[in-house]
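Asker: Need the 3D shape of this:
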Amino acid sequence: MRLGKVWVLAWVLGGVFLGGSAWAHPPKSVTLSLDAPSGRLTVQVAHGVNDPAKHHVQRISVFVGGKLAAQKEYPSQTDVNGMTDTFSVGSVPKGTVIRAEATCNIMGSATGELIAP
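Answerer: Below is the predicted model:
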């Protein structure tokens, strides 16, 4: 009988730990748009969550030509569906790859990129 209780406890605890990670997920997508004349990059992150204070986009990093150009940390997400932020990247030569990476505070990241017009 004691062995049966141990199995039940293990099953319940396993469900709690695995169930929690099943709800955690990385951002779904990262979309970039550049206003070339002003050097203003808008980064839109799709990351649907139930509680943006507990599960959120923790950091957005922006790379221009492969080099880190800007990075911001966030204590929470602005919306349950995701968030949008802007970054000043200055004058970017035509054809330069601009990439943004959004990192979830619990699990994973997603990237998006564009080529400067």
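Asker: A strand includes Gly48, no?
Answerer: No: counting by DSSP: H, G, I helix; E, B strand; the rest coil, Gly48 is not part of a strand but coil.
Asker: What's the local residue count around it?
Answerer: Using other C-beta atoms under 10 Å, Gly48 has 14 other residues around it. No exception for glycine: its C-beta is placed from N, CA and C like everyone else's.
Asker: so what's it up against?
Answerer: Shown in contact with Gly48 (C-beta atoms under 8 Å, 6 or more residues apart in numbering): Lys28, Val80, Asn81, Gly82.
Asker: Show me which helix or strand of this structure is least confident by mean pLDDT.
Answerer: Here the helix or strand of the chain ranked lowest by mean pLDDT, DSSP states H and E is helix 2-23, holding a mean of 53.
Asker: Can you report how many residues neighbour Lys54?
Answerer: The criterion is other C-beta under 10 Å. On that basis, Lys54 has 11 neighbouring residues.
Asker: That one: what secondary structure?
Answerer: Once three-state DSSP is applied, Lys54 turns out coil.
Asker: Just checking: what are the partner strands of the helix or strand containing Ile60?
Answerer: Ile60 belongs to strand 57-64 when assigned by DSSP states H and E. When pairs are called by DSSP bridges, strand 57-64 turns out to pair with strand 67-73 (antiparallel), strand 97-104 (antiparallel).
Asker: Might you calculate how far that strand sits from the centre of the chain?
Answerer: Centroid displacement of strand 57-64 relative to its chain, using C-alpha atoms, centre = their mean, to the nearest Å, is 8 Å.
Asker: Many thanks, have a good one.
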